[in-house]
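# Show me the folded form of this:
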Amino acid sequence: MKKELDIFFTAVMFYTRIPCPKNITHDPDYLNKATRYFPLIGWIVGLISGLVFVAFSQILPVTIAVLLSMIASILTTGAFHEDGFADVCDGFGGGWNKEKILKIMKDSAIGAYGAIGILLLLLLKYTILVEILSVQSNIVSILLIFIAAHSVSRWVAATIIFTHEYVREDEWSKSKPIAKQYTWKEVVGTAFFGLLPLLYFVFYNYKMVLVVLPVFIFRWYLARYFKKWIGGYTGDCLGATQQVCEVVFYISILALWKFI
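So this is what the prediction gives:
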């Protein structure tokens with residue numbers, strides 16, 4: 001039990017800015033195993049974002065409450081995945097071969113592709129959330145929309161680790177320690193924590209399970225795109241996948257509510 005707690009706190013330390021016990025270190029073995037808790041981190045981030053929205057929506061317009069919830073999410077993760085998305089936009093937008101793409105993504109400076117990409121992504125996320133939350137008043141549903149979006153998107157991003165090769169072989173990579181090894185526990189753990197929050201919506205309407213379909217379509221396309229250009233994935237690719245699939249999840253929720 002203590003070992004599992006240490007692995008969980010390793011995931012919390014690696015993926016968020018939440019303070020952890022001082023005895024938790026970046027042990028490579030624990031970082032590999034921490035992948036199983038990646039979607040569970042989505043529960044934490046989603047819950048924080050949802051609570052911020054619910055609290056501020058009582059006294060402020062929905063538009064402002066949504067913006068504050070997005071800020072809370074970014075502060076919780078330290079913009080970990082948003083940074084990956086911006087790097088992918090810069091790398092694949094400005095690179096013309098594997099070496100150039102990887103070199104650009106490794107650069108800490110943000111370029112035009114990255115700035116424009118992250119701006120449009122956040123604007124799209126903000127607009128969709130305003131549309132969804134303007135018509136939703138059930139607090140439990142609101143919280144689980146945030147939690148499910150963050151957990152499902154992290155789950156599908158983690159599945160790329162299980163199906164594709166890691167391509168960056170240097171010590172400066174953000175996710176090298178978690179990208180090399182996995183067992184059935186990581187596969188099962190990510191699926192369990194990733195899909196569990198979605199069961200709430202499926203319980204009320206089984207058709208809500210369809211939200212996973214477009215998310216996986218985008219996951220499949222992104223993984224195929226990464227493999228075509230660089231032969232696999234990097235940590236930035238996983239972050240970009242999480243961000244894109246989170247937005248796709250929100251769009252799917254909005255579309256299903258209108259047609260079912």
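
# going forward, measure contacts and count neighbours with C-alpha atoms only.
Will do.

# Helix, strand, or coil at residue 22?
Secondary structure state of residue 22, per DSSP: H, G, I helix; E, B strand; the rest coil, is coil.

# Setting aside sequence neighbours, what's the nearest residue to residue 248?
Leaving aside its sequence neighbours, residue 248 sits nearest to residue 215 (Cα to Cα, 6 or more residues apart in numbering; 5.9 Å).

# Toward the C-terminus from the worst-scoring helix or strand of the chain on mean pLDDT, list the very next helix or strand.
The weakest-scoring helix or strand in the chain, judged by mean pLDDT, DSSP states H and E, is helix 176-179 (a mean of 46). Counting by DSSP states H and E, the element after helix 176-179 in chain order, helix or strand, is helix 184-195.

# Does anything pack onto whichever helix or strand comes after that next one? Which helices or strands?
Sequence-wise, the next helix or strand downstream of helix 184-195 (DSSP H and E) is helix 199-204. Contacting helix 199-204 under the criterion 3 or more Cα pairs under 8 Å, 6 or more residues apart in numbering; DSSP states H and E is no other helix or strand.

# Need the residues that contact helix 199-204.
144, 208, 209 (Cα atoms under 8 Å, 6 or more residues apart in numbering).

# Just list the residues touching the second one, thanks.
To tie it back to what came earlier, the one meant is residue 208. 201, 202, 253, 256.

# Let me know the closest of the residues you listed to residue 110.
Of all the contacts of residue 208, residue 110 sits closest to residue 253, with 31.5 Å by Cα to Cα.

# Just give the closest residue to that closest one, not the sequence neighbours.
Excluding its sequence neighbours, the residue lying closest to residue 253 (Cα to Cα, 6+ apart) is residue 211, at 6.3 Å.

# residues touching that neighbour, list them.
By Cα under 8 Å, 6+ apart, the residues touching residue 211 are 249, 252, 253, 256.

# Ramachandran coordinates for it?
Phi and psi for residue 211, reported as degrees, to the nearest 10, are phi -60, psi -20.

# Then residue 166?
phi -80, psi 130.

# can you pull up the bridge partners for it?
Residue 166 forms beta bridges with residue 233, as assigned by DSSP bridges.

# Pull the number of nearby residues for it.
By other Cα atoms under 10 Å, 20 other residues sit near residue 166.

# Quick check: the closest residue to residue 114 other than its chain neighbours vs residue 208, distance?
Nearest residue to residue 114, sequence neighbours excluded (Cα to Cα, 6+ apart): residue 86, at 4.1 Å. Distance of residue 86 to residue 208, given as Cα to Cα, to the nearest Å: 30 Å.

# and what of residue 71?
Taking Cα to Cα, one finds residue 71 at 28 Å from residue 208.
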